[in-house]
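Engineer: Show me the folded form of this:
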Amino acid sequence: MDLPKRLSAIAPNLKGTVPMTAENIPFRHRKIERSDHAAVIEEYLSGLSAKAVGRQRGVSHTIVLRILREHGVQRRKQIQPPEVQAALVRDYQAGMGSLQIAAKHGVNFKAVFAALRRASISARSVGKAIRTCSLNEAAFDIITEEAAYWIGFLMADGCITDRGHSTYINLMLASKDAGHVEAFQRFLGSNHKIGLEKARGFAGSTGGSKLSVASKRLAAILARYGVVPRKSHTTKVIGLEHNRDFWRGVVDGDGWVSIQHPKTLRHAKPCVGLTGSLELLTQFCTFVETIAPSHVHPHPMHSIFSVSWLGRSALTVVRSLYTNCTISLPRKWEMAKRILIETHDNGRIERLSERTKDLLRQKSSEQRQAEAE
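Structural biologist: Below you'll find the predicted structure:
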């Protein structure tokens with residue numbers, strides 16, 4: 001069909017009053033005459049791409065490809081030179097996105113992924129590709145002292161939430177413990193911003209420090225050990241039941257390390273306790289039984305449970321959890337250190353040092369202020 005007839009055939013389907021000419025026919029309606037097929041094939045074989053040939057002749061590249069298939073012409077594999085492929089891979093590993101790399105080197109973004117496949121390098125996941133902050137998603141892959149500690153701390157004081165298509169690991173502490181949130185940030189290799197939010201229920205505090213990072217991979221690993229969303233009343237550790245670093249993290253998060261004041265006892269005595277779900281506290285009691293047999297059991301406390309040890313048993317627990325540790329909540333480590341220094345083997349503290357008295361006064365002041373609020 002010649003051009004005038006084609007124009008008349010498609011004119012009824014085109015909107016508007018612009019006169020139909022060879023120049024304004026939509027690409028999908030344009031054709032290449034059979035007499036020109038040889039020239040098209042010659043242009044393609046000379047090195048031009050199908051898109052370039054199509055642009056020259058004012059047609060879609062799919063028409064050029066159809067002509068090549070019709071005449072049995074094999075399409076070229078567009079493989080970039082080795083030095084270009086190496087540059088594509090190098091830029092990708094440096095953190096650039098595929099579109100940025102393609103624009104930089106004047107190639108299609110698909111060429112970037114082709115170069116990665118030839119170099120046996122896996123492309124980043126969508127989550128990593130859109131991440132703007134650094135994050136070590138392998139932080140919990142190997143259970144080190146720090147990893148076990150932070151799993152315990154997150155089980156006690158952390159929170160896992162799902163928002164949209166993302167899963168967030170959140171840690172929020174009172175402003176006085178802001179340094180511990182920063183320690184968690186360093187452990188994760190993160191530069192996410194630590195936010196300041198209004199915190200209710202923190203003794204002597206009107207604000208808190210909060211860190212939130214989005215990572216399905218971290219959340220999946222934490223779930224293996226029992227750190228899951230909405231865990232408050234069903235918390236149960238999996239696989240770290242006898243790990244002292246894990247339990248130190250739990251105690252630092254939801255427990256207490258203190259000295260019972262002489263006003264209520266003949267001698268001052270160390271005390272260690274923990275609140276949480278019945279299953280978690282039962283597991284903690286089983287752990288303590290292996291180091292300090294005492295036959296202590298959890299008891300109800302409002303909607304959760306509580307358990308504690310006093311005197312010699314508490315001293316043994318503190319020794320087990322805090323001796324030679326490299327990470328703990330600073331204020332609880334300070335109290336644990338006073339207990340280890342001043343408590344006799346019989347579990348009594350004959351004489352409190354001035355530093356210990358200061359710590360106890362500070363704690364009493366915080367408790368009174370919390371009650372007043």
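Engineer: what's the closest non-adjacent residue to Leu65?
Structural biologist: Ala50 (5.3 Å; CB to CB, 6 or more residues apart in numbering). The C-beta positions use only the backbone N, C-alpha and C, and glycine is treated the same way.
Engineer: May I see the buried residues of the helix or strand hosting Ala115?
Structural biologist: Per DSSP states H and E, Ala115 falls inside helix 109-118. By 16 or more other CB atoms under 10 Å, the buried positions in helix 109-118 come out as Ala111, Val112, Ala114, Ala115, Leu116.
Engineer: Kindly provide the distance from the second one to Gly95.
Structural biologist: Taking CB to CB, to the nearest Å as the criterion, Val112 is separated from Gly95 by 13 Å.
Engineer: do the same with Tyr225
Structural biologist: Tyr225 is 31 Å from Gly95, by CB to CB.
Engineer: and Pro298, how many neighbours does it have?
Structural biologist: Neighbourhood size, Pro298 [other CB atoms under 10 Å]: 21.
Engineer: got the contact list for the spatially closest residue to Ala139 that is not a sequence neighbour?
Structural biologist: The shortest distance from Ala139 to any non-neighbouring residue, by CB to CB, 6+ apart, is to Leu188 (5.4 Å). Going by CB atoms under 8 Å, 6 or more residues apart in numbering, Leu188 touches Leu135, Asn136, Ala139, Val213, Leu218.
Engineer: my guess is the first one meets His192, correct?
Structural biologist: Yes. Counting by CB atoms under 8 Å, Leu135 touches His192, with 7.3 Å between them.
Engineer: neighbour-wise, which of the contacts of Leu188 leads?
Structural biologist: Leu218 (24 neighbours).
Engineer: correct me, but it touches Phe140?
Structural biologist: Yes. At 6.6 Å, Leu218 and Phe140 qualify as touching, with contact defined as CB under 8 Å.
Engineer: Please identify which pair of the buried residues of helix 109-118 lies farthest apart.
Structural biologist: Spanning the widest gap among the buried residues of helix 109-118 are Ala111 and Leu116, at 9.9 Å by CB to CB.
Engineer: For the two, list the residues in contact with both.
Structural biologist: In contact with both Ala111 and Leu116: Leu88, using CB under 8 Å, 6+ apart.
Engineer: got the buried residues for stretch 342-351?
Structural biologist: Glu342, Thr343, Gly347, Arg348, Ile349.
Engineer: Now the first one: closest residue in space that isn't a chain neighbour?
Structural biologist: In space, not counting the residues next to it along the chain, Glu342 is nearest to Ile349; the distance is 5.0 Å by CB to CB, 6+ apart.
Engineer: Model confidence at the one you found, what's the number?
Structural biologist: Ile349 is assigned a pLDDT of 70 by the prediction.
Engineer: so how far is Arg312 from it?
Structural biologist: 12 Å.
Engineer: Check His37 too.
Structural biologist: Distance from His37 to Arg312, by CB to CB: 97 Å.
Engineer: can you check Ala268 too?
Structural biologist: Relative to Arg312, Ala268 is positioned 13 Å away (criterion: CB to CB).
Engineer: the more surrounded of these two?
Structural biologist: Legend: neighbour count by other CB under 10 Å for Ala268 and Arg312, higher for Ala268 (22 against 18).
Engineer: For the more buried one, grab phi and psi.
Structural biologist: Per-residue torsions, Ala268: phi -70, psi 140 (degrees, to the nearest 10).
Engineer: what sits opposite it in the beta ladder?
Structural biologist: Under DSSP bridges, the beta-bridge partners of Ala268 are Ile349.
Engineer: shouldn't it be in contact with Ile349?
Structural biologist: Yes. Between Ala268 and Ile349 there is a contact under CB under 8 Å: 4.0 Å.
Engineer: Tyr185: helix or strand, and which one exactly?
Structural biologist: Quick fix: residue 185 reads Gln, not Tyr. Gln185 belongs to helix 178-187, assigned by DSSP H and E.
Engineer: for that helix, the distance to its chain's centre please.
Structural biologist: 14 Å (CA atoms, centre = their mean, to the nearest Å).
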